[in-house]
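Enquirer: dropping a prediction and its sequence here:
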Amino acid sequence: MGKIFCLMGKSSSGKDTIYEKLMKDSSLGLKRIVPYTTRPIREGERDGVEYHFVSEEQLQGLQAAGKVVELRAYDTVHGVWKYFTVCEDEMDLNEDSYAVIGTLESWHAMCAYFGRDVMVPVYIEVEDGLRLERALFRERTQSHPKYLELCRRFLADAEDFSEKNLEKEGITKRFENIEFDVCFQEIKLFIQKEMRYNERMGR
């Protein structure tokens, strides 16, 4: 039985960049779980890579087919944006391990869907001041910066990833992303260790 490594963290914690580097590391052999969203695509994003960008009608079709593992709706300053995970037909936990970017809410739902023994949390954190600085830098690169949405998301993350909520979900191990390369290597070694343990246990 493979594992699903769920990368989590507040906005601008670097989880997207770390995720991409993990997926390119052939020594890990992780398969990608690409999340879905109804929000507009951002500059630099590619459909089917960072997200599957779909319409509300497409979402309803996936729900009707029973393929939606979990779904979250956010009332943003630009309207309601939905993010969700789909159990793809080609997923095979008997053969492969996977990685996905998620939230505490999606983590909880995936644990219920796939089983807690399959799920492994990878929580990435950055000091709030540095994280806000990174978020502003990234938003300024957009042709139409959405600063109000940035602020809403920053404040929402503080509540969503509160210490109380992390403790409730049993997430105690943290990876500090101050120096990217150091953080990446720590996460890579952690994943390798989890996969080797899984093999020894015959799971």
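Expert: It's in. Quick caveat, the model's predicted, so the values are computed rather than measured.
Enquirer: all contacts plus neighbour counts: C-alpha atoms, from now on.
Expert: OK.
Enquirer: quickly find the element holding the closest residue to Glu105 other than its chain neighbours.
Expert: Once flanking residues are discounted, Glu105 sits nearest to Arg72: 7.7 Å by C-alpha to C-alpha, 6 or more residues apart in numbering. If you go by DSSP states H and E, Arg72 is part of strand 68-76.
Enquirer: do you know the pLDDT at the residue nearest to Glu105?
Expert: What the model reports for Arg72 is a pLDDT of 89.
Enquirer: identify the bridge partners of it.
Expert: Counting by DSSP bridges, Arg72 is bridged to Tyr83.
Enquirer: run a quick neighbour tally on it.
Expert: Close neighbours of Arg72, defined as other C-alpha atoms under 10 Å, add up to 13.
Enquirer: before we move on, back to that, okay, the strand holding Arg72 in CSV with CA atoms only?
Expert: Extracted in CSV, the C-alpha atoms of strand 68-76 (Å, rounded to 0.1, in the frame of the first residue of the first chain):
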residue,chain,number,x,y,z
VAL,A,68,-15.2,14.4,-5.5
VAL,A,69,-13.2,13.4,-2.4
GLU,A,70,-13.6,16.8,-0.7
LEU,A,71,-14.7,20.3,-1.6
ARG,A,72,-14.1,23.7,0.0
ALA,A,73,-15.8,27.0,-1.0
TYR,A,74,-14.4,30.4,-0.2
ASP,A,75,-16.4,33.6,-0.4
THR,A,76,-13.7,35.9,-1.8
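Enquirer: show me what it is packed up against.
Expert: Packing partners of strand 68-76 (3 or more C-alpha pairs under 8 Å, 6 or more residues apart in numbering; DSSP states H and E): strand 79-86, helix 104-114.
Enquirer: the ones you listed into a markdown table, with extra columns for mean pLDDT and distance to Arg140?
Expert: Formatted as a markdown table, the helices and strands packed on strand 68-76 follow (pLDDT from 0 to 100; distance: least, C-alpha to C-alpha, whole Å):
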| stretch | mean pLDDT | distance to Arg140 |
| --- | --- | --- |
| strand 79-86 | 93 | 21 |
| helix 104-114 | 91 | 28 |
